[in-house]
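Trainee: turn this into a model:
(one chain, ligands or ions: 1)
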Amino acid sequence: MTSQSLAQRDTIILTIEDTSAPLSASTGKNQRSMSLIDFVRQMDGQPTHCTDDGFPLISIDGEIYCTVEYADGLIGGQKAVGVAQGEHFIEILLANGYLIPLTCPCCGGQLHLRDMQLPELRALLIGRSIEGFRHGEWVGEGVPPKRHPVFALQFSGSEERQERTIEVALESVRGIRKANASPAPH
Ligand SMILES: [Zn+2]
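Mentor: Numbering: from 1, shown residues only. Presented below is the predicted three-dimensional model:
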């Protein structure tokens with residue numbers, strides 16, 4: 001089991017080191033956020049990154065958020081209690097009742113893991129806690145390569161960090177939500 005990696009093998013992820021998020025013990029609520037005006041000024045039509053922690057910024061319902069502050073506030077430190085196929089995406093259900101859809105870091109669509117299907121993901125992730133978040137850049141194989149930021153969930157465990165980290169598209173952060181009142185137990 002531990003010899004398998006959750007990493008996408010058909011993509012190149014340049015993970016930036018030392019960017020693990022604060023755990024949920026720190027709420028992140030007191031961190032400064034970039035003002036919208038600053039954001040627009042720096043943005044110039046391109047996605048950019050939080051000046052506090054370097055994580056990519058996303059727009060959710062018209063508001064600009066730092067991905068790690070947003071994700072940490074909702075699911076940081078939470079234990080995975082279920083992994084299930086949702087309507088569109090495989091979703092991780094967390095102990096506090098929130099879920100996060102897993103989207104492909106290359107295209108934002110469904111994960112196309114080569115060596116991890118739902119049962120393996122379920123067996124590997126359930127019971128682990130989200131101990132931090134990481135970010136990096138997806139680099140395509142074309143010339144010139146397409147590039148875009150990616151987000152990653154790092155789970156607790158004793159394996160190499162990369163083997164318990166799932167890289168996802170920023171869409172996954174946008175998709176974090178409260179699960180239905182009666183989530184199916186797994
Ligand atoms: Zn893809």
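
Trainee: could you pull out the helices for the protein?
Mentor: Along the chain, counting by DSSP state H, helices occupy 36-43, 67-75, 118-125, 170-174.

Trainee: mind checking which of the ones you listed is nearest residue 145?
Mentor: Set against residue 145 and scored by CB to CB, those come closest in helix 170-174, at 18.2 Å. Where you see a C-beta, it was placed from the backbone N, CA and C, and this is true even at glycine.

Trainee: that closest one - contacts with which helices or strands?
Mentor: strand 57-60, helix 67-75, strand 98-101, strand 147-155 (3 or more CB pairs under 8 Å, 6 or more residues apart in numbering; DSSP states H and E).

Trainee: thinking again about what came up before, distance to residue 57, mean pLDDT and mean neighbour count added to the helices of the chain, as TSV?
Mentor: Below are these laid out as TSV (distance: least, CB to CB, whole Å; pLDDT from 0 to 100; neighbours: other CB atoms under 10 Å):
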stretch	distance to residue 57	mean pLDDT	mean neighbour count
helix 36-43	7	52	12
helix 67-75	7	95	22
helix 118-125	27	92	16
helix 170-174	9	95	23
